[in-house]
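**Q** Take a look and give me a structure for this.
(chains A and B)
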Amino acid sequence: MIASLKRNPNAIRQGSVLVDVVLLVIALIICFITLYPFYFVIIMSISNPQEVAAMNVFWFPKGFFLGSYELIVRDTKMWWAYSNTLIYVSAGAFLNCLMAVLGAYPLTVRGLIGRKWVVAFILIPMYFAGGLIPSYLLVNQLGLYNTMFAVIIPGMVSIWNIILVRTFFATIPEGLKESAFIDGASHWQMLFRVVLPISKPIIAVIAIYSIVAIWNSWFDALVYLPNEKLHPLQMYLYRVVVQQSVDLKTLSLQDTRNAVENMLSNIQLKYAIIVFTTLPVIFTYPLFQKYFIKGALLGSLKE
Amino acid sequence: MKLWKRTFLSGLTAVLLVGSVAACSSKTDNDASGTKQEGNGSTTSSEQKVTKLKMLGPAGINKYIKYDDRENYPVWSEIDKLLKNEGLELDNEFVPAEQYEVVLKTRMASGSNLPDIVNISKLDNTTVLNLAKQGVLLDLNPLIEKYSNGNIKKMYDQEFPYARKSTTSPDGKMYWFSNLHKKTYQGKDPAPVSLTMLIRKDWLEKLNLPVPTTADEYLETLKKFRALDANGNGKQDEVLAYNYPGQFTGAIAQWFGLGSGITAVDVENKKIVSPWYQEGVKDYFRYMQRLVKEGVLDTSLIEATGEQNQQKMTDNQIASLHDYNLENYQEPTIKGGGEFLPLMPLKAVEGITPAMQQEPHFLIFNKYAITKDCKDPAAAIKFFDMVYSEKYADLMFWGIEGQTYKVESNGAKVYLNNGPAEELAKTKQVTGNMLLGDTVFPRVQFSNLEYELSSAPKYKADNELQVLTYKPYYVNMNNNFLAIPDDKQLETKTKILTNLNTYSTELATKLALGQKSLDDWDQYIAELKKLGLDQLIEIDQQLLDRYNSIQ
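**A** Numbers count the residues shown, from 1 in each chain, chains lettered A, B, ... in the order given. Below is the predicted model:
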C-alpha cells in the first residue's frame, strides 16, 4: 500500500483505499461528535430518572421511562407555548419577508434621490442598538408591553435581510425592468409582478432564516412578556433549566426541602423538553438545506 | 403572476388577522390569570369602599399547587375573607419566578409601569437604597405612623425586634417589609437548627463501626468506608462531599473554632472575627490536606453545583456531607436507600472547643416595598397590617385547624399532612405559604420545633435537642446580624470584597488541597491585609454595633 502511494503522489485524486478509509474515519468521527449530543439527550429523556440523576447513562438507555414526556404532554403551559411559537414564527417570518422586500426595492431604484445616504443611514442601527432600557421604554410607551406584538413588531425589520434582498434585486437585469416601464408598469406593479416572481429563492432564504431565528429566540419574551401564557416554547425550556440551577447553599432548611424536590423532578424533564422543542426544526432542516446554502452564497455576492 | 399576487395578499390578510386575534386574546388571558395591566389603583363601589391594589411579584414555583386554582383551596377563602374585611382587592401580576429578576430590574430601572406594592427580594440592598434615593420607593415609617392600626408595630417591635435592626437604613428610614420567621421550642425557647456534617448511619451499622467522636476518628471512619467498600459496588468510591473548603462555610471549619465566612459574627460576644486570624486556622488546613491525601475528600465536588452533588448522592457514593441536621430530602434520592446521621461538632485540636454552625431561630428575609406610583398608601399599609396579624400568620404557616394542622395537648401545633405536593394538590389541604408564599404575600411564620421533631427519626431529633443549647456557635447567615451599611461603608466594602473574596477563597482552597505551603503563612496574611481584610473587619464591627444599638 505504501509502495503504491509512492508511485502515485496524488492519492486522493487517483483513488486509494487507504485514503478513502482515513477520510471515512474522519467523517465518522465528525458525524459522531455532531450526532452524539442529540443521541445523548434522547436516551437521557427515556431512561430511568434515578439513573439520569446519577448520570449513569452514556451509550444506551438504562431502564425505560416515559414519565417526563407524559408530564410535558399533559402540561397545558407547554401547549400554550407551542401554539404561541407557531404564531410568532408564522407572523414573524411573513412580516420579515414583507419588510425586507419593501425596504430593499426602493434602494435598487436608480435615480432615487439620496439613495446612498439612505443606505448608509439604515446601516447605523445594524451596528449600534439602542440598549435594553431604551428599547423597553419604547415598547412600553407604544403599549406593546405584555402583548404578543412586543415580540413580533420590534423584530420584523432586519437590516441584514434588507441588504440581502437588495443585493439580489440588483442582479436582476436592468433591461427587464426598463421593458416593464415602457409597457406602462408602475413601481408597485414592477415589484409585485416582475421582481418578486423571479425572487422566490431569496424570499425562501429570508423566510427560513427568520423561522429558525424566531423558533430559537427567548430573550425578548424574557423582558417583554411577564405573562406566561404568551411565552414561546424556548422560554418554557429556559424556565425549566433556570429552575434547576438554584443555589441550595443560600436557602433556609424549609426552602431547601422545596428546592430539592423541584430540582429532582426537573433533571430529566429538561432532556425531554429539549427533544420536544428541537425535533420540529431538525425535521424541517433537511427539506430546506439547499436554501440555507443558497442564502450563504447570496450574502457573499457583490452589487 | 395572478396566483402569486393572490397568495401574497391572502398571506398578508391571514397574518394580520392572526396577529390581531392573538393580541386581543393576550389581553383576555392576562385578565384570566390576574396579570392585568390596566387599572389605576383604587376604585370605589356604591355599597362598600373597595380599594384595588396593584401588586407585582414572582409566581409560585410549585408545579402542582397553583395560584390560578386558588378558588378551590379552603385556605384561600380564609385569606380572601381577611382582604375583604379590610376592603382590599388585589390586582396581582405574577411573573414566572425564573423571569422575575429581569422583569423587575427592567421595570425598576425605567421607573415606569410600577405597581403599588412590589416584591423586590431579587434586588440587593445597594440597588434598593439607590431606588429609594431616586424616590421610586417610599419611606415606610411615616406611612406606618399615619395609617397603621398598630399591627405592623406590634409585630416588628414585640415579636420580631431583630427585624427593625436589619431593615432600618443608615438614615433611620425603612424601605421594605420582610418575611418574618421564628422557631421556638416548648412555646418560648429559641430553636435554632444546625448545619453540620452528616455521616452514613446505615454504613456505620453495616460495618459495625462506632460513631466518630473526634475529627481524627471521623477521618478514620471515612477511610474504612472506602477500604471496606461500604456501598458494596466493588469500587473504592465512597467520598466526602465538602463543596466549599475555601469559604470556611462547611461545618469542619467550625470544629477548629473558625468563623463561618471571611468575616463572621460571633453573636454571643458581639464581635466580628475572621478565620484567618483565629487560632485553629492552620490546623484546619492541615486536616483538610489529610482528607485530600487519604483520597477521602472528593476534590471534583469542590464548588460543585447541586446537580453534580446529586449525581454522587443518587449513585450511593456520598459517605458524608455538609447539610442541615434535620434534612430529610437526601435519603429518598439514594439508589438502594440509606440514612444520614447528623454529628455534633467534633473535637479537632487540644485547647479549642469545637464550634457549631447554626441557622438562627429567627430569619428576616425577602423585601416588599411600596412604590411612588401607589395612589393610596393608606390602603397599602392596610394590606401590611393584615399581613402582620396573627390570623394571617396562622393561615400562611399553619393553614386551617383540623384540616392542615392540629394542636397537641402540650399546646404545640403539628401538621396533619406531610405528603408530597402532588398529593396535597388533590386533597387541597395546604397552608397559605404553599399556595401564596414568596409571591406578593409575605410570610409570617411562628414555627415550632415540635412538629419538626415529630416527623424526624429519633437519632436526628436527639441531635437537634443537643443543638438547642450548644455553644460556641457561628451563624450561617452573617448578614442577618449586620445593619445596612451607609454609602461610604458600602462603597469601601464593595471595593474590598471584589478582590479580597477571590484571593481568600483561592488561597484557602489551595491550602486545603495542599497546593500551597503553610510555610509562607506570613506572606499570605500580609497580602490579605493589603487587600483590606482589617478594614473589612472594622466596617463589619461598626455594622454589628449599629445593629445591636437599634431598638
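**Q** What are the buried residues along stretch B:334-344?
**A** Across stretch B:334-344, burial judged by 16 or more other Cβ atoms under 10 Å in any protein chain shown covers B:334-335, B:338-344. Every residue, glycine included, has its C-beta placed from N, CA and C.
**Q** quick one, domains of chain A?
**A** A:2-53, A:67-302 (automatic domain parsing).
**Q** Surely B:Ser320 is in a helix?
**A** No. Read with DSSP: H, G, I helix; E, B strand; the rest coil, B:Ser320 is strand and lies in no helix.
**Q** Now do it, the pLDDT please.
**A** The model reports B:Ser320 with a pLDDT of 95.
**Q** who's in contact with it?
**A** Residues near B:Ser320 by Cβ atoms under 8 Å, 6 or more residues apart in numbering or on different chains: B:197-200, B:218, B:222, B:240-241.
**Q** B:Ser112 too?
**A** A:137, A:140.
**Q** and what of B:Lys516?
**A** B:507, B:510, B:524.
**Q** element containing it, please.
**A** B:Lys516 is part of no helix or strand when elements are defined by DSSP states H and E.
**Q** now chain B, which segments are flagged as low pLDDT?
**A** B:1-48, B:418, B:551 (pLDDT under 70).
**Q** how does it divide into domains?
**A** B:47-182+B:363-399+B:432-442, B:193-359+B:473-549.
**Q** and the first one, how far from the chain's centre?
**A** Centroid separation for domain B:47-182+B:363-399+B:432-442 versus its chain: 17 Å, with Cα atoms, centre = their mean, to the nearest Å.
**Q** The last one too?
**A** When distances are taken as Cα atoms, centre = their mean, domain B:193-359+B:473-549 is centred 19 Å away from the chain's centroid.
**Q** picking that back up, could you redo the domains of chain B as TSV and give each row distance to A:Gln189?
**A** Conversion of these to TSV gives the following (distance: least, Cβ to Cβ, whole Å):
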stretch	distance to A:Gln189
domain B:47-182+B:363-399+B:432-442	46
domain B:193-359+B:473-549	61
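**Q** Of those domains, give the one that comes closest to A:Gly67.
**A** Relative to A:Gly67, the nearest member of the domains of chain B by Cβ to Cβ is domain B:47-182+B:363-399+B:432-442, separated by 13.2 Å.
**Q** where's A:Pro125, which helix or strand?
**A** Using DSSP H and E, A:Pro125 falls within helix A:115-127.
**Q** picking that back up, and of the domains of chain B, who's closest to A:Asn84?
**A** domain B:47-182+B:363-399+B:432-442 (13.9 Å).
**Q** just to revisit the earlier point, just the buried residues of stretch B:334-344 that are near chain A?
**A** B:Lys335 (Cβ under 8 Å from any Cβ of the partner chain).
**Q** so, if you compare the buried residues of stretch B:334-344, which one comes nearest to B:Asn448?
**A** Using Cβ to Cβ, those come closest to B:Asn448 at B:Pro342, 19.5 Å.
**Q** shouldn't that closest one be in contact with B:Asn328?
**A** No. If you go by Cβ atoms under 8 Å, B:Pro342 and B:Asn328 don't touch, sitting 11.3 Å apart.
**Q** Give the buried residues for the host helix or strand of B:Leu83.
**A** Using DSSP H and E, the element containing B:Leu83 is helix B:74-85. Buried residues in helix B:74-85, counted by 16+ other Cβ under 10 Å: B:75-76, B:78-79, B:82-83.
**Q** after that helix comes which helix or strand?
**A** strand B:88-95.
**Q** Relative to that next one, what are the paired strands and their orientations?
**A** When pairing is defined by DSSP bridges, strand B:88-95 lines up against strand B:51-58 (parallel).
**Q** The strand it pairs with to helix B:74-85, inter-axis angle?
**A** 140 degrees (axes from the mean of the first three to the mean of the last three Cα atoms, to 10 degrees).
**Q** Only alpha carbons, please: show stretch B:97-104 as CSV.
**A** In CSV, the C-alpha atoms belonging to stretch B:97-104 read as follows (Å, rounded to 0.1, in the frame of the first residue of the first chain):
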residue,chain,number,x,y,z
ALA,B,97,-40.1,33.2,39.1
GLU,B,98,-37.3,32.4,36.7
GLN,B,99,-38.1,35.5,34.7
TYR,B,100,-38.9,37.8,37.6
GLU,B,101,-35.4,39.2,38.2
VAL,B,102,-35.1,40.5,34.6
VAL,B,103,-38.7,41.9,34.6
LEU,B,104,-38.2,43.6,38.0
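**Q** A:Ala221 is in contact with A:Val151, correct?
**A** Yes. Look at A:Val151 against A:Ala221 with Cβ under 8 Å: they come within range, at 5.9 Å.
**Q** Need the residues touching each of the two.
**A** With Cβ under 8 Å, 6+ apart as the test, A:Val151 and A:Ala221 both reach A:230, A:232.
**Q** now for the helix holding B:Leu83, which elements pack on it?
**A** helix B:377-387, helix B:390-397, helix B:432-436 (3 or more Cβ pairs under 8 Å, 6 or more residues apart in numbering or on different chains; DSSP states H and E).
**Q** Buried deepest among these, which one?
**A** Of these, the one with the most neighbours on average (mean count of other Cβ atoms under 10 Å in any protein chain shown) is helix B:432-436, at a mean of 24.
**Q** next helix or strand past that one?
**A** strand B:444-448.
**Q** I'd like the mean pLDDT over stretch A:110-130, please.
**A** Stretch A:110-130 comes out at a mean pLDDT of 82.
**Q** Contacts only, for B:Leu123.
**A** With Cβ under 8 Å, 6+ apart, B:Leu123 has these contacts: B:104-105, B:108, B:131, B:367.
**Q** measure it to B:Thr371 for me?
**A** 13 Å (Cβ to Cβ, to the nearest Å).
**Q** Without its sequence neighbours, what residue ends up closest to B:Pro190?
**A** Once flanking residues are discounted, B:Pro190 sits nearest to B:His361: 3.8 Å by Cβ to Cβ, 6 or more residues apart in numbering or on different chains.
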